[in-house]
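In: Generate a structure from the sequence data that follows.
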Amino acid sequence: MSQEQIDKRIAEIGALAGSIMAGEGDVVSRVAEECLRDPLFTAYIFLGISHEEMKIDLLTRIVEASQGASAFDLAIKTIEANGAIADIWTVEDVKENCEAIGVDPLSDEDCMTVLRYVQQDHDANLGINHEVVEHAILSLIAEKAESKTEE
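Out: Residues are numbered from 1 along each chain as shown. Below you'll find the model as predicted:
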């Protein structure tokens with residue numbers, strides 16, 4: 001990020017904070033909700049709060065607002081708050097693909113190996129889909145079988 005982009009983002013966050021503070025209702029809850037959505041907003045607000053009690057109250061409200069939200073939900077909110085989208089693939093998705101193609105389940109570590117392979121080596125024109133994940137699973141199984149025969 002350039003200094004100009006950083007300055008622009010700080011100005012946007014400052015304007016948002018100002019509009020929340022000028023609004024009606026529970027300001028702390030509204031700030032807590034925005035903090036959940038945008039980590040930069042959180043940093044901006046915390047730099048501006050000098051009273052420790054207010055910081056503790058805000059942190060408590062952020063935690064309360066995040067109850068029931070998964071790490072994925074919070075990550076996706078953060079990604080979307082920064083003008084992007086994400087499609088999340090998990091270890092469980094890899095295990096489900098193993099079952100779908102009739103191979104023995106992989107360990108969590110092997111599933112992460114598959115996910116890293118897919119992330120690094122997928123064709124951007126195709127994206128990440130079940131066929132791409134299945135190919136990565138079969139490739140990993142073949143590599144493991146080959147390394148066993150070499151031993």
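
In: tell me the SS of Q5?
Out: helix (DSSP: H, G, I helix; E, B strand; the rest coil).

In: now G127
Out: Under the three-state scheme (three-state DSSP), G127 adopts coil.

In: That one and A11, how far apart?
Out: The gap separating G127 from A11 is 35 Å, by CB to CB, to the nearest Å. Backbone N, C-alpha and C define where each C-beta goes, glycine included.

In: now do E143
Out: Counting by CB to CB - E143 and A11 are separated by 51 Å.

In: For the most centrally placed residue in the chain, I want the exact helix or strand it lies within.
Out: For the chain, the residue nearest the mean C-alpha position is A75 (2.8 Å; CA atoms, centre = their mean). Take DSSP states H and E as the rule and A75 turns out to sit in helix 71-81.

In: Can you list the buried residues in whichever helix or strand comes after that helix?
Out: Counting by DSSP H and E, the next helix or strand C-terminal to helix 71-81 is helix 91-101. For helix 91-101, a neighbour-count test (16 or more other CB atoms under 10 Å) marks V91, D93, V94, K95, N97, C98 as buried.

In: contact partners of helix 91-101?
Out: With contact meaning CB atoms under 8 Å, 6 or more residues apart in numbering, helix 91-101 is reached by 104-106, 108, 111-112, 114-115, 130, 133-134, 137-138.

In: Quick one: buried ones out of those?
Out: L106, C111, V114, L115, V133, E134, I137.

In: Can you verify my assumption that the last one contacts L106?
Out: I take that to be I137. Yes. Under the contact definition of CB atoms under 8 Å, I137 touches L106, with a separation of 7.0 Å.
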